[in-house]
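Enquirer: A structural model of the following input is requested.
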Amino acid sequence: ETVSTDYDTSDRLYFEPLTREDVLNVIAAETLASGGMAPKVIVGLGGQTPLKLSGLIDPALIAGTSPHSIDLAEDREKWNQLCDSLSIPQPPGGTAVTFAEASVIAQRVGYPVLVRPSYVLGGRAMQIVHDAQALESAMDQMARDGSLGKEGGLSAERPVLIDHFLEDATEVDVDAIRDHTGEVLIGGVMEHVEEAGVHSGDSACAIPPQTLPAWVVEVISAYTTAIANSLDVRGLINVQFAVLGTTVFVIEANPRASRTVPFVAKATGVPLAKVASRVMLGATLAELRTEGLLVPPVTGGHVSVKEAVLPFNRFPEVDTALGPEMRSTGEVMGIDKTFGRAFYKAELAAGTVLPTTGMVFLSLADGDKPAGIVVAHRLRALGFGIAATTGTAAYLARFGMDVDKVVGKVNENAAITAVDLIASGEVSFVVNTPQGRGGRTDGEAIRKAANVNHVSSVTTVEAALAAVQGMAEQLDHPLEVKSLQEYHGR
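Expert: The predicted model follows:
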């Protein structure tokens, strides 16, 4: 196995399973090597698994946020009480072990609901369900059929979380650092390109936020600070929010580093991981400023976009629609003077080639069709041809946007379908947004055809809007290469 840890970062490197026994063995070896002084253990830079292990080793050895504070954020009831005490809104919901319990919660909060097992990674087995039948199927799958069932199923210690799903909400991620004096540093506020419902690991996001009003960003920062203080965080914390109308809802908080920390560090020029490590070992943010390690963030003059790298080119028969279960295998970023150009660079780095000519195929869910008018109008302005399904074409025609080709739906056995059009090479880009179970079934063949024929596609209308903005800005001004040091001026 290739060891990628820098020689100036670590004195020794252990390849051991992340279990209590193996961690205690490493601690014993390091204690012996240092002449009897037990080492401090940082659990906040390794994802969810180290957080679970933090409660199984001596709390005195934990550097940074205590196991008690970690449990406050992980335990649903305790977390709800904390948010209530701070008067921070949450989507209504509850916990359930059986379908009967889940059904009562769903009826109380209203469909659609987000169903997610507790204590899992990457949104595994998470689903958005729109009716009681789908809810029963989801509960049954988690209890018996899926991998969760193999791990012991559901119990009071491993309940399912049922939350009202905030449709059309904008999701926001925040990475922050708090020291033992109570000072909180907001590392970055990231606005997701895709709306809530797409796992944060699969969603593109931007720094600074592109559509959020300044006052909303201030509220989000204030909520993050209050949560970090209430949890007595020592080091990094990631908080996820959903903004719907004028209300900012908190989704969850993780008192650890998130996958976005390297992106935020590169976007702002602040070495967050290094700063957080020092804070976990007792340094204050004020001391690190004096030392010169904690520098002011570079703001203004550029926009940074993080995009997920998805493995669909290796799995051509997989449906490429994004949802609450994480599917990405990596991340890339684009940085430029404007959002459109930064998004274009990020897509290019992720392997999605946005076309400059040709025909774009549109198949939109009913809720996405109003935004589809904007997408179609901008595509026309760029000189693209447009093909669409019957329903999308009829909707666009009502607003004076005639399309060049109309095709029938795949499941209607039409003479010419979108799959035929894509396979013939006539389409250079696909926009297909699924809607519920039926929409996903019909659109799956279209998305698979795009994947098999190596035609770039997006599955959310927000990504389509960002893509056409990137195409327009790239045509106006060809891309340029600039180093991070030049952007940061350091």
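
Enquirer: residues contacting Ile128?
Expert: Under the criterion of C-beta atoms under 8 Å, 6 or more residues apart in numbering, the contact list for Ile128 reads 112-115, 165, 197, 323-324. Backbone N, C-alpha and C define where each C-beta goes, glycine included.

Enquirer: At which residues are the strands of the stretch 51-200 of the chain located?
Expert: Using DSSP state E, counting those that start in this stretch, the strands of the stretch 51-200 of the chain run over 62-63, 93-96, 113-117, 127-129, 160-164, 170-178, 184-195.

Enquirer: In the chain, which residue is most central in space?
Expert: Using C-alpha atoms, centre = their mean, the residue of the chain that lies closest to the mean C-alpha position is Ser200, 0.9 Å off.

Enquirer: Hmm, it is touching Glu194, no?
Expert: No. Using C-beta atoms under 8 Å, Ser200 makes no contact with Glu194, being 9.4 Å away.

Enquirer: still on that earlier bit, excluding covalently adjacent residues, which one is nearest to the residue nearest to the centre of the chain?
Expert: Asp173 (5.9 Å; C-beta to C-beta, 6 or more residues apart in numbering).

Enquirer: in the sheet, who's paired with the one you found?
Expert: Met190, Gln240 (DSSP bridges).

Enquirer: In JSON lines: the strands of the stretch 51-200 of the chain, plus distance to Ser87.
Expert: Below are the strands of the stretch 51-200 of the chain laid out as JSON lines (distance: least, C-beta to C-beta, whole Å):
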{"stretch": "strand 62-63", "distance to Ser87": "30"}
{"stretch": "strand 93-96", "distance to Ser87": "17"}
{"stretch": "strand 113-117", "distance to Ser87": "23"}
{"stretch": "strand 127-129", "distance to Ser87": "27"}
{"stretch": "strand 160-164", "distance to Ser87": "19"}
{"stretch": "strand 170-178", "distance to Ser87": "18"}
{"stretch": "strand 184-195", "distance to Ser87": "18"}
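
Enquirer: ranges for the strands of the stretch 301-450 of the chain?
Expert: Going by DSSP E, counting those that start in this stretch, the stretch 301-450 of the chain shows strands at 303-309, 330-336, 359-363, 385-389, 405-407, 427-432.

Enquirer: would TSV of these with distance to Gly47, mean pLDDT and mean neighbour count be doable?
Expert: Shown next, in TSV, are these (distance: least, C-beta to C-beta, whole Å; pLDDT from 0 to 100; neighbours: other C-beta atoms under 10 Å):
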stretch	distance to Gly47	mean pLDDT	mean neighbour count
strand 303-309	17	95	24
strand 330-336	14	94	20
strand 359-363	37	95	25
strand 385-389	41	94	23
strand 405-407	44	92	19
strand 427-432	32	94	25
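
Enquirer: With distance to Phe399 as extra columns, can I get those in a markdown table?
Expert: Listed next are these as a markdown table, based on distance: least, C-beta to C-beta, whole Å:
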| stretch | distance to Phe399 |
| --- | --- |
| strand 303-309 | 30 |
| strand 330-336 | 32 |
| strand 359-363 | 13 |
| strand 385-389 | 13 |
| strand 405-407 | 16 |
| strand 427-432 | 17 |
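
Enquirer: circling back: now do the shared contacts for Ser200 and Glu194.
Expert: With C-beta under 8 Å, 6+ apart as the test, Ser200 and Glu194 both reach Glu171.

Enquirer: What is the burial count for the residue nearest to Ser200?
Expert: 25 (other C-beta atoms under 10 Å).

Enquirer: For it, which residues are in contact?
Expert: So Asp173 contacts 189-190, 192, 200, 205, 238-241, 258, 260 (C-beta under 8 Å, 6+ apart).

Enquirer: mind checking which of the strands of the stretch 301-450 of the chain is nearest Ile251?
Expert: Smallest distance to Ile251 across those (C-beta to C-beta): 18.2 Å, for strand 303-309.

Enquirer: Now tell me what touches that closest one from outside.
Expert: By C-beta under 8 Å, 6+ apart, strand 303-309 touches 190, 193, 201-208, 210, 260, 263, 266-267, 328-339, 342-343, 345-347, 349-352.

Enquirer: Please consider this matter closed, and thank you.
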